[in-house]
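J.: With the sequence up front, the predicted model follows.
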Amino acid sequence: MLWWPKMRDPSASYSMTMADLVEKELTGSIIGAFYEVYNTLGFGFLEHLYIKALELELLARGHLVEREVRVTVMYKGEVLGTQRLDMVVDRLVVVEVKSTYELHRAATRQGYNYLRASSLDIGLLLHFGPEPRVHRLICRTRKNKANLIRSKDME
């Protein structure tokens, strides 16, 4: 069964405008890089190839890109383990990449959980599927920022 997000009525009014987008310029640049990679490579490659191409495109645009960033997952003050994030851009935006034919319903939930674990507020789920799709994720958390273990700290 195919799952498609609900289409929004363009005549309806929404409370959020382009001016209200969090980190609008940064997320706009990341989304632009995503479409550049998608338009160059198309659909059908493995996820790690899209991530590498996206990293190169973001670096060329002057962004700080951290790959394979680990975050600690806590439960009532106890460390459960670590979770790997595909990418963190400019230490502000978590980027999760998917390259499946269909985007699984749980993918956005996974993105929100990554935000909660990292204590970052903004995420982008980039789907390199038959049609390119972008999902903006916002999770306002004010937990201890120490959950984020930078890739350089893992060495």
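T.: Yep, that arrived. The shown structure was predicted, so the numbers you read here are calculated from the model rather than taken from an experiment.
J.: tell me the secondary structure for H63?
T.: coil (DSSP: H, G, I helix; E, B strand; the rest coil).
J.: tell me the phi and psi of it?
T.: phi -90, psi 150 (degrees, to the nearest 10).
J.: Do a quick rundown of the strands in the chain.
T.: With DSSP state E as the criterion, the chain has strands at 65-75, 78-89, 93-98, 122-128, 132-138, 148-149.
J.: Dump those strands to CSV, plus mean pLDDT, mean neighbour count and distance to V37.
T.: C-beta coordinates here come from the backbone N, C-alpha and C atoms, glycine included. Below are the strands of the chain laid out as CSV (pLDDT from 0 to 100; neighbours: other CB atoms under 10 Å; distance: least, CB to CB, whole Å):
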stretch, mean pLDDT, mean neighbour count, distance to V37
strand 65-75, 91, 17, 13
strand 78-89, 92, 16, 12
strand 93-98, 94, 23, 10
strand 122-128, 94, 24, 8
strand 132-138, 91, 16, 9
strand 148-149, 46, 17, 25
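J.: CSV for these, including distance to L26?
T.: Shown next, in CSV, are the strands of the chain (distance: least, CB to CB, whole Å):
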stretch, distance to L26
strand 65-75, 12
strand 78-89, 7
strand 93-98, 6
strand 122-128, 8
strand 132-138, 12
strand 148-149, 17
